[in-house]
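Let's see this in three dimensions:
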Amino acid sequence: MTTKKRITLEDVSRAAGVSLSTASMILNGRPDVSFSPDTVRNVRHTADVLGYRAPVRHKARPLSSRKLVFIVSPNIGNAYYSSMVQAIQQSAEEHGVSTLIFTTYRDAGKENELLDMAVDMGVSGIVFTMMPQSSLLEKINRSIPIVVIGDRNTSLNVDTVELDNYSAGMLVGRHMLGLGHRHIAFISTTLNSANAMRVRRLDGVRAVYAQEEGTSVQVFARDITPLEELNDIGIEHRVGYELTMECLKRSSRISGIVAVNDSVAYGVLDALAEKGLRVPEDYSVCGFDNLFASHFRTVGLTSVEHHIEEKGRNAFHILYERMTGGSAPNNITRVEFSHHLRENRSTAPFHQQGKEKNEEQ
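Numbering: from 1, shown residues only. Take a look at the predicted model:
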């Protein structure tokens, strides 16, 4: 005798041709979101035809006793995010708050799913370690406190620990140009609206170089899908390595390389070392984030300080104020951190001899 397969929410969403989060919100009667009447009828009719029965949910405990916070991050393979997540957890531990970590790999659909889960579980708050893509954010923020760590975005009405990656890019541009590097490469993973932090870093570098005639910033970028980021923990290092190899083949005038972050910069350094090129004698290399490994004697990477741990702790403190009634959801808090460049051994003044050597290659 065969056992009849239980129809799941995934079955309904697939048959109705909608996302899992859309099917969930419609069938659970979420009052804070709206869909077209046709979409609602389609999902409900599909559920009836398939024989879907929603699982019985136990009522969530009150927020005051639950004290559970979601931490949402693109990944935890990059030390920028893992360090920030740990700083948030440290602050949460000090206040007796439990945490759950979710990774989205920059997939907007995953953001919607975890926001739906947060509502179902009745969590106390959510911290995004990056600028989210979900359109549900502000609606959910009315009932669940949300704090975002990301680039300046005055259109997003949630509490924000703000960064200014455009200014950080300008810092790097001025540093490299000040050292005499008139032709540089900018090496990056995906550059698009979902990765605004990277784009703004590039824009800042370009803005400085645009003010000087006879200079150039050549961009070498590679798009990375959420699935690729999930399946390859070392993808940023690999992209930095492979794009540097491409850069060395195509660009003879370049004397300096700017990596979109330190993880990519480590790949840049390895590629140069494999080619027998010296840093900074042959090429100057600069990154962003000033990760712990950048201080190792064998690395010595010049990088922009991003106050990673301070931002994480600050974000939790803002969230905790909301969780405990210290501030209202309509009083938006925006805290901005400034950046400074931590010079190390990977950058040095450009010499004419080095230029002649590069042009001969």
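
quick one: the spatially most central residue of the chain and M117, what's the gap?
Central residue check for the chain by Cα atoms, centre = their mean: the C-alpha nearest the mean position is that of M130, 4.4 Å away. In this structure, M130 and M117 are 18 Å apart, going by Cβ to Cβ, to the nearest Å. Using the backbone N, CA and C atoms, a C-beta is placed for each residue, glycine as well.

Hmm, M245 is touching A271, no?
Yes: counting by Cβ atoms under 8 Å, M245 sits close enough to A271 to count as a contact (5.3 Å).

Run a quick neighbour tally on N112.
A count of nearby residues for N112, using other Cβ atoms under 10 Å, gives 24.

what helices or strands is the helix or strand hosting it leaning on?
Taking DSSP states H and E as the criterion, N112 maps to helix 108-121. In terms of contact count using 3 or more Cβ pairs under 8 Å, 6 or more residues apart in numbering; DSSP states H and E, helix 108-121 is assigned the packing partners helix 20-27, strand 68-73, helix 137-141.

if we go to 6 Å?
helix 20-27 (3 or more Cβ pairs under 6 Å, 6 or more residues apart in numbering; DSSP states H and E).

what bits of the stretch 101-250 of the chain have low per-residue confidence?
With pLDDT under 70 as the threshold, the stretch 101-250 of the chain has low-confidence stretches at 153-155.

For stretch 196-213, buried residues please.
The neighbour-count check on stretch 196-213 (16 or more other Cβ atoms under 10 Å) flags A196, M197, R198, V199, R200, R201, L202, G204, V205, R206, V208, Y209 as buried.

Equivalent analysis for stretch 278-297, please.
V279, P280, Y283, S284, V285, C286, G287, F288, D289, N290, L291, S294.

Which residues outside that stretch are in contact with it?
Contacts to stretch 278-297, defined as Cβ atoms under 6 Å, 6 or more residues apart in numbering, come from residues 79-80, 172, 181, 201, 256-259, 261-262, 265, 268, 272, 277, 301-306, 342, 346-348.

all strands for the stretch 151-300 of the chain, in order.
Ranges of strands within the stretch 151-300 of the chain are 159-163, 183-189, 216-222, 256-259, 284-289, based on DSSP state E, counting those that start in this stretch.

Most tightly packed of the ones you listed?
Ranked by mean neighbour count under mean count of other Cβ atoms under 10 Å, the strands of the stretch 151-300 of the chain are led by strand 256-259, which reaches a mean of 30.

Name every sheet partner of it and say whether each one runs parallel or antiparallel.
Here strand 256-259 is paired, per DSSP bridges, with strand 183-189 (parallel), strand 284-289 (parallel).

In which helix or strand does M130 reside?
Counting by DSSP H and E, M130 is part of no helix or strand.

show me the residues around it that make contact.
With contacts taken as Cβ under 6 Å, 6+ apart, M130 has the following neighbours: P74, G150.

coming back round to it: PyMOL command for the buried members of the contacts of stretch 278-297?
If you want just the buried ones from these in PyMOL, going by 16+ other Cβ under 10 Å, the selection is:
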select buried, resi 79+80+172+181+201+256+257+258+259+261+262+265+268+272+277+301+302+303+304+305+306+346+347+348
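
Tell me which entries of the contacts of stretch 278-297 lie within helices.
Among those, the residues falling in helices (DSSP state H) are A79, Y80, V172, R201, D262, A265, V268, L272.

Dump these into CSV; add distance to A47 as well.
Converted to CSV, these look like this (distance: Cβ to Cβ, whole Å):
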residue, distance to A47
A79, 44
Y80, 42
V172, 53
R201, 46
D262, 48
A265, 50
V268, 52
L272, 57
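
out of the residues you listed, who's nearest V43?
Sorting these by distance to V43 puts Y80 at the head of the list, at 38.8 Å, by Cβ to Cβ.

where in the stretch 251-361 of the chain is pLDDT low?
Across the stretch 251-361 of the chain, the ranges flagged by pLDDT under 70 are 326-338, 352-361.

Great, nothing more from me.
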